[in-house]
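Fold the following.
(one chain, ligands or ions: 1)
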Amino acid sequence: MATNVLVVEDEPEIRELLGFSLGRAGYDIIEAETAEVALQLLNERLPDIMIIDWMLPGMSGVELAKRLRRDDLTSGLPLIMLTARGEEADKLRSFESGIDDYITKPFSPRELIARLKALLRRTGAPEDNVLEIGGIRLDQTSHRITINGETIRVGPTEYRLLELLMRHPDRVFERNQLLDRVWGRSTYIEERTVDVHVLRLRKILKPYGLDTAIQTVRSVGYRFTP
Ligand code: CA
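Modelled structure (predicted):
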């Protein structure tokens, strides 16, 4: 899958402009009209980056950014804020909301995309859509996994699980963190399910001697160590 951008913007014309320019640049766009809708969407699936309008009906973009930063699931999500010209001075002072970059309206879509790319580079999110570690190659556009040039078949859940672990090598994920990120917070399943899918993934990797890359951290969770 291409890099996923969640756009939170109440003005339809700007959403349309963003959707058009980001789509043409090869990004997948999810749109939310309000912060409340965005929060619901985040429970289903995490994007790679978010563009948030400052002024929204209901919860403001700033409040949304603050909430995202406080939540372990979204604290590391790259955020770009859209601000209206003239209100800048006040806004810049309250930048402790935790956004990574901002762009002033009216903006040039080209500049926005350049900023987005730069931010993705800085935060280590996939840009070329290929992740390669320890002999395992994930093509995030086609969802294809190859090991030593050989294509291997995995289910969608195993794919997402491996993708998450490979994006954060050596980081230990607790089972509930894996559930939130791989299955989405809005689904209610038992933590045991994680173990089942880790087992499946190890079984798939075993013929290549890579099953040990997914390590159990006793009484905590799992980590990927190539
Ligand atoms: Ca607005």
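
Relative to Thr74, how far out is the residue most central in space within the chain?
Centroid-nearest residue in the chain: Asp48, 2.9 Å away (criterion: Cα atoms, centre = their mean). Going from Asp48 to Thr74 by Cβ to Cβ, to the nearest Å gives 12 Å. No exception for glycine: its C-beta is placed from N, CA and C like everyone else's.

Repeat that for Asp195.
25 Å.

Leu119 too?
For Leu119 relative to Thr74 (Cβ to Cβ), the value is 15 Å.

same check, this time on Trp183
For Trp183, the distance to Thr74 - Cβ to Cβ - is 16 Å.

Also Gln40?
Counting by Cβ to Cβ - Gln40 and Thr74 are separated by 13 Å.

now do Thr83
21 Å.

ditto for Ile133
24 Å.

can you check Ile51 too?
Taking Cβ to Cβ, one finds Ile51 at 14 Å from Thr74.

More neighbours: which of these two?
Neighbours were counted for Ile51 and for Thr74 using other Cβ atoms under 10 Å; Ile51 has more, 26 against 19.

correct me, but the more buried one touches Val8?
Yes. Counting by Cβ atoms under 8 Å, Ile51 touches Val8, with 7.0 Å between them.

How about the residues of this protein by the ion?
Taking Cβ under 5 Å from the ion as the contact definition, the chain meets the ion at Asp10, Asp53, Met55.

Kindly give a single ChimeraX line that selects the buried subset of the residues you listed.
For the buried members of the residues of the chain next to the ion, the matching ChimeraX selection, counting by 16 or more other Cβ atoms under 10 Å, is:
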select :10,53
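
Am I right that Thr216 is in a helix?
No. Secondary structure of Thr216 (DSSP: H, G, I helix; E, B strand; the rest coil): strand, not part of a helix.

right, and the secondary structure at the residue lying closest to it once chain neighbours are set aside would be what?
Take Thr216 and drop its neighbours on the chain: the residue closest to it by Cβ to Cβ, 6 or more residues apart in numbering is Tyr222, 6.1 Å away. Under three-state DSSP, Tyr222 falls in the strand class.
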